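Asks: predicted model, plus sequence, below.
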Amino acid sequence: MNQTFHHVLTVRFGECDPAGVVYYPRYFDWFHRTMEAWFGEGLGQPYHQVLRELGFPSVHAEADYKAPCHMGERIRVDLIVTRLGHASVTLGLSAWGTDGVLRATGQVVIVVIKMNPGGADHFKLRPLPRAIHDAMRQFLVDELVDEQPDSPAS
């Protein structure tokens, strides 16, 4: 079953440029905020708790801008998984106005790393844990799974 995660936000004054529209790098912040919300609300794994052991840094990000967003608008950011790898996940994101107009699309590739300050494995690539992999799979479109996650014991 392919699901789409939805996260709604309101455009803030500080996110707009002098022309009164959202400054383009803010979309990447929205994409990340949506990913953080997805962990807790969509995957059942609150991001702040997952970060105790794992990190999910972005290694690639891109966006296409379709229409401007303005201060005070409500924006819905949709998230899907377009690729689920052994230690990486590709997210497809789209920002929509309440008027139904597509404002921006994006893609972010995240990888899984170990969070172990002081340890030799700190910031080292690691396999996606089975529970997180299985939860993410619910949001996968086109069933593009490149590799299997680590064992259930992790």
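Replies: Right, received. Where do you want to start?
Asks: host element of the most centrally placed residue in the chain?
Replies: For the chain, the residue nearest the mean C-alpha position is Met35 (3.1 Å; Cα atoms, centre = their mean). Per DSSP states H and E, Met35 falls inside helix 26-37.
Asks: for Ala61, same thing?
Replies: strand 58-65.
Asks: give me the below-cutoff pLDDT ranges for this structure.
Replies: Scanning the chain for pLDDT under 70 picks out 1, 143-154.
Asks: and the helices in it, which stretches?
Replies: Listed in chain order, the helices of the chain (DSSP state H) span 26-37, 47-50, 130-137.
Asks: pull out the buried residues from the shortest one.
Replies: To tie it back to what came earlier, the one meant is helix 47-50. By neighbour count on 16 or more other Cβ atoms under 10 Å, the buried set for helix 47-50 is Tyr47, Val50. For glycine as for every other residue, the C-beta is placed from the backbone atoms N, C-alpha and C.
Asks: then the longest one?
Replies: Residues of helix 26-37 classed as buried: Arg26, Tyr27, Phe28, Trp30, Phe31, His32, Thr34, Met35, Glu36, Ala37 (neighbour count, 16+ other Cβ under 10 Å).
Asks: tell me the buried residues in the strand holding Ala61?
Replies: Across strand 58-65, burial judged by 16+ other Cβ under 10 Å covers Ala61, Ala63, Tyr65.
Asks: next, the contact list for Arg52, please.
Replies: Neighbouring residues of Arg52 by Cβ atoms under 8 Å, 6 or more residues apart in numbering: Met115.
Asks: next, it: phi, psi?
Replies: The phi/psi pair for Arg52 (degrees, to the nearest 10) reads phi -70, psi -30.
Asks: ok so, going back, what is the nearest of the buried residues of strand 58-65 to Gln138?
Replies: Relative to Gln138, the closest of those is Ala61; by Cβ to Cβ it sits at 23.1 Å.
Asks: nearest residue to that closest one in space, please, no chain neighbours.
Replies: Spatial nearest neighbour of Ala61, chain neighbours left out: Val108 (4.8 Å); criterion: Cβ to Cβ, 6 or more residues apart in numbering.
Asks: now for the one you found, how many residues are close by?
Replies: By the criterion of other Cβ atoms under 10 Å, Val108 has 22 neighbours.
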